[in-house]
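Asks: 3D, please:
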Amino acid sequence: MKSIAILGSTGSIGTQTLQVIRENPTLFRACLLTAQSNVDLLVMQALEFLPEYVVVGQDNLFYVVKEALAHTSVQVLAGSQALTDIVTAPEIDLVLTALVGFAGLQPTIAAIKAGKDIALANKETLVVAGELVMKLAKEHNVKILPVDSEHSAIFQCLAGEEPQSVEKIILTASGGPFRGKDTAFLSAVTKNEALKHPNWVMGAKITIDSASLMNKGLEVIEAKWLFDLEADQIDVVVHPQSIIHSLVQFKDSSVKAQMGLPDMKLPIQYALTYPNRIKNNFKRFSFADFPFLTFEQPDLKTFRNLALAFAALDTGGNMPCIVNAANEIAVAGFLKEQVTFLGMSDLIEECTQRIKLHKQPGLEDYLNTDLETRVLAQQLITKKGA
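Replies: As a prediction, the model looks like this:
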């Protein structure tokens, strides 16, 4: 039985991971559950799965969780440092990182240094510090198992293949709710419209990123580090049906694709069971239900976030960290109706021009860059609001 730590157990990926564990009780057990502030759901999960540890991110909620679980053997902890410390616990076999944003970086690094395999659903970890994280994983003989549907698809397509045989990878994008729309339309979209993804059910932040195509931009940067590729080996194609989750083209011109219905439980299960596959009761794909699969090029001029991500990858250094931090503040501002949909790209671009570039950053540089960018981005939002 494999003991799983789920960082971000109350989010979309976390709850679906628990569903996979629930359906396979002889294979997996939840050893650690964490949440930032959703204590009601965290307590419900802890009462069902009885993990060894529970961590709540907000210190002021510690006693609420502690009291609710007082009659159990669950050990309750609070705060980001507690989370970073507890992922090294010897009982844990695999750490699934489903935290949103930059918050996933330090606990992931701590888990890697403790020799824990990582099921990675937090793309920002590799966006911000991909070179550092992959180097540590190699040093500590740790597997990084992708959970994002696109990266899981590439990972599955590469099984049994030699790395040098890859010509390029092609990440698919649904296009989000605004596929085909122009800037005039996008200038007036609301957060409620942006939160209506046509194919996937996700948290608010990643849903907005999908609508702006920043999610695909972050995946491009993540793919570079996950699969040891050059920037010109990564393409993006819009595939509205979300049936082909991504593709690999090889040097002999052959192309492999991984297909299936849009259901995050499949890549989650594959990461938990790798290198094996197990039977499940997920709904099966039928070509009869999808007689047409279509593809088109992304509109980089209208959806500038994807272009900004490609540019950050080309620049390297701490530039992807700048883009990620600025985007997190921009999305938060959009959800609070302080920033327009198109204004998110303007904000990110201005941060890339004003934050100092470090071509060979260390962890401290990444942490400083993240903080400086967030401060600047918030100041720009406040200034524009005033």
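Asks: how distant is the helix or strand that contains residue 266 from the center of its chain?
Replies: Residue 266 is part of helix 265-273, with elements assigned from DSSP states H and E. Mean-position distance between helix 265-273 and its chain equals 15 Å (C-alpha atoms, centre = their mean, to the nearest Å).
Asks: Let me see the mean pLDDT of stretch 358-365.
Replies: For stretch 358-365, mean pLDDT rounds to 93.
Asks: Give me the contact list for it.
Replies: 109, 129, 132, 316, 317, 318, 321, 369 (C-beta atoms under 8 Å, 6 or more residues apart in numbering). Heads up, the C-betas are built off the backbone N, CA and C, glycines and all.
Asks: just the residues you listed: which has the poorest pLDDT?
Replies: If you rank the contacts of stretch 358-365 by pLDDT, residue 129 sits at the bottom with 90.
Asks: which helix is the longest one in the chain?
Replies: Ranked by residue count under DSSP state H, the longest helix found in the chain is helix 363-385.
Asks: quick one on the thing from earlier: any chance of TSV for the contacts of stretch 358-365, columns distance to residue 282 and secondary structure?
Replies: TSV is the format used below for the contacts of stretch 358-365 (distance: C-beta to C-beta, whole Å; DSSP: H, G, I helix; E, B strand; the rest coil):
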residue	distance to residue 282	secondary structure
109	33	helix
129	33	helix
132	35	helix
316	39	coil
317	41	coil
318	40	coil
321	36	helix
369	40	helix
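Asks: So the residue lying closest to residue 87 once chain neighbours are set aside: helix, strand or coil?
Replies: The shortest distance from residue 87 to any non-neighbouring residue, by C-beta to C-beta, 6 or more residues apart in numbering, is to residue 111 (4.3 Å). Put simply, residue 111 is helix when judged by DSSP: H, G, I helix; E, B strand; the rest coil.
Asks: Do you know the pLDDT at residue 111?
Replies: 97.
Asks: Could you measure from it over to residue 105?
Replies: 11 Å (C-beta to C-beta, to the nearest Å).
Asks: Which element is encountered next along the chain beyond the helix holding residue 266?
Replies: By DSSP H and E, the next helix or strand past helix 265-273 is helix 304-315.
Asks: any low-confidence regions in the stretch 251-386 of the chain?
Replies: 386 (pLDDT under 70).
Asks: Now do the closest residue to residue 263 other than its chain neighbours: how many residues are near it, please.
Replies: Once flanking residues are discounted, residue 263 sits nearest to residue 282: 5.8 Å by C-beta to C-beta, 6+ apart. Residues near residue 282, counting by other C-beta atoms under 10 Å, number 14.
Asks: Pretty sure residue 282 sits against residue 264.
Replies: No - in this structure, residue 282 is not within contact of residue 264 by C-beta atoms under 8 Å, at 10.5 Å.
Asks: now the residue nearest to residue 87: how far from residue 375?
Replies: 28 Å.
Asks: Same question for residue 149.
Replies: Residue 149 is 34 Å from residue 375, by C-beta to C-beta.
Asks: Please apply the same query to residue 254.
Replies: 49 Å.
Asks: ok, the residue nearest to residue 87 touching residue 95?
Replies: Yes - taking C-beta under 8 Å as the definition, residue 111 is a contact partner of residue 95 at 4.3 Å.
Asks: what touches both of the two?
Replies: 5, 87, 118.
Asks: Looking at these, state which has the most neighbours.
Replies: Neighbour max across these (other C-beta under 10 Å) = residue 5, 31 neighbours.
Asks: So it lies in a helix, does it not?
Replies: No - Residue 5 is assigned strand when assessed by three-state DSSP, not a helix.
Asks: and it, what does it touch?
Replies: 31, 32, 87, 89, 92, 94, 95, 96, 111, 116.
Asks: please redo it, this time with the cut-off set to 7 Å
Replies: The contact partners of residue 5, taken as C-beta atoms under 7 Å, 6 or more residues apart in numbering, are 31, 32, 87, 92, 95, 96.
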